[in-house]
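# below is the sequence, then the predicted model.
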Amino acid sequence: MKSLQQLTRQKALSGLAMPRILPSQSVAARRLWQRNFSATASAAQLAALDASKLTITKTQAPKELTPNKDLVFGKTFTDHMLSIEWTAADGWHTPQIVPYQNLSLDPSTCVFHYAFECFEGMKAYKDKTGGTRLFRPNKNMERLNKSSARIALPTFDGEVLTKLIGEFVKLDDRFIPDARGYSLYLRPTMIGTQKTLGVGPPGSALLFVIASPVGPYYPTGFKAISLEATDYAVRAWPGGVGDKKLGANYAPCILPQLEAASRGFQQNLWLFGEEEYVTEVGTMNLFLAIKNKETGQKELITAPLDGTILEGVTRDSVLSLARERLEPKGWAISERKIRMADVAQAAEEGRLIEVFGAGTAAIVSPVRSISYRGKLVDCGLKADEEAGEIALQMKNWIESIQYGDEAHPWSVVV
Ligand SMILES: *Cc1c(COP(=O)(O)O)cnc(C)c1O
């Protein structure tokens, strides 16, 4: 069976892309393209990712652990990294765990010019018996494969990469802080490494995973954030790649974030289209709890996965738990579009119960207010309150699964 990546590559090469791009390429670039193409033809012999081949080179200079209280997200890293090369000619090479180190790449490497880069964000947790756990790693593997295939990078067997990540995490186990709210943030990353300025599918790639010990997102308890509803810039659009974790989606969002920050708001709430549909927040999905105007029924709403929304693992977990544990209590759980004007109206009528973001970093992030058309939409928190009931409940439910307090198939011991 051909992998998604092989099919994507074949499609790209047999489609319009080749005749349209090739005439402007140098002879060398053309040869590279042809080599990629013929490599695809013999795809059957490409090596699959193989965890049994893993080699481990331990560091000679173990790092000092950073005290828990000094941990800053993504600032310090563990002793090692997982690194696996891929070439179009051979497929996946030997997986290696090596000391954490710089990469050395030619300045013409395609990742620097055309943003062949995608990534994941996931965490490893210490449970109370000293075991190490991952949370729904299959979801991250699925998503990385989708992101990767979309930018003509290779795909891989997600179970094999999860196994390799497990080995890596076990080796750097001492970096996982043994305290509630703490974890080891894992950053699987894939880049195109072909040396060429030619615009085409990379003939080589590097998949690596680095790990950073992190503390609770809100060290002193929840802190509700304020959002600026952004209508002058668009994060994602139908037919685009906003539903993929591509590095290229993030840099363009920083300027609007600075704009919002200059007016005192922590994040952008991205609105879409003339209808001003609510989509998501910074790097979190958004949930709104609203009381129905006619029936009075409480509804937990998040935007549907229409291609403009990142398929958050936390989003999916909140939805599942809400369907399992809130629906029986009379809640409606909806993946549907909602206009910002309707959210503002619900707030005015006292029907907006609470609003929160959902993502791996904070699990949930309560929202106090949203600036929209020059007015502040009040998201239902009392002045002395930093989180609503549903946000708190979700955080507790999800954390107790992540830390293994509640036995649940989502939590995977490595
Ligand atoms: C990563 C991300 C999320 C959250 O996804 P999780 O899997 O829950 O961490 C939401 N939105 C965007 C834009 C993201 O990049």
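Noted; the coordinates are in hand. Numbering: from 1, shown residues only.

# can you list the residues of the chain near the ligand?
121, 245, 280, 283-285, 310, 312-315, 359-360 (CB under 6 Å from any ligand atom). No exception for glycine: its C-beta is placed from N, CA and C like everyone else's.

# with distance to residue 392 and secondary structure added, can I get the residues you listed in JSON lines?
Output for the residues of the chain next to the ligand, formatted as JSON lines (distance: CB to CB, whole Å; DSSP: H, G, I helix; E, B strand; the rest coil):
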{"residue": "121", "distance to residue 392": "23", "secondary structure": "coil"}
{"residue": "245", "distance to residue 392": "28", "secondary structure": "coil"}
{"residue": "280", "distance to residue 392": "21", "secondary structure": "strand"}
{"residue": "283", "distance to residue 392": "21", "secondary structure": "coil"}
{"residue": "284", "distance to residue 392": "16", "secondary structure": "strand"}
{"residue": "285", "distance to residue 392": "18", "secondary structure": "strand"}
{"residue": "310", "distance to residue 392": "24", "secondary structure": "coil"}
{"residue": "312", "distance to residue 392": "19", "secondary structure": "coil"}
{"residue": "313", "distance to residue 392": "20", "secondary structure": "helix"}
{"residue": "314", "distance to residue 392": "15", "secondary structure": "helix"}
{"residue": "315", "distance to residue 392": "18", "secondary structure": "helix"}
{"residue": "359", "distance to residue 392": "16", "secondary structure": "strand"}
{"residue": "360", "distance to residue 392": "18", "secondary structure": "coil"}
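
# Three-state assignment for the closest residue to residue 93 other than its chain neighbours, please.
Leaving aside its sequence neighbours, residue 93 sits nearest to residue 85 (CB to CB, 6 or more residues apart in numbering; 4.3 Å). Following DSSP: H, G, I helix; E, B strand; the rest coil, we place residue 85 in the strand state.

# ok, back up a step: just the residues of the chain next to the ligand now: which is nearest residue 179?
Checking the residues of the chain next to the ligand against residue 179 with CB to CB, the nearest one is residue 360 at 18.0 Å.

# what's the closest non-adjacent residue to the closest one?
Nearest non-adjacent residue to residue 360 (CB to CB, 6+ apart): residue 121, at 4.9 Å.

# the one you found contacts residue 314, correct?
No: counting by CB atoms under 8 Å, residue 121 sits too far from residue 314 to count as a contact (10.1 Å).

# any common contacting residues for those two?
Here residue 121 and residue 314 have 359, 360 as joint contacts, going by CB atoms under 8 Å, 6 or more residues apart in numbering.

# run through the helices of the stretch 151-300 of the chain in chain order.
For the stretch 151-300 of the chain, the helices defined by DSSP state H, counting those that start in this stretch cover 158-171, 254-262.
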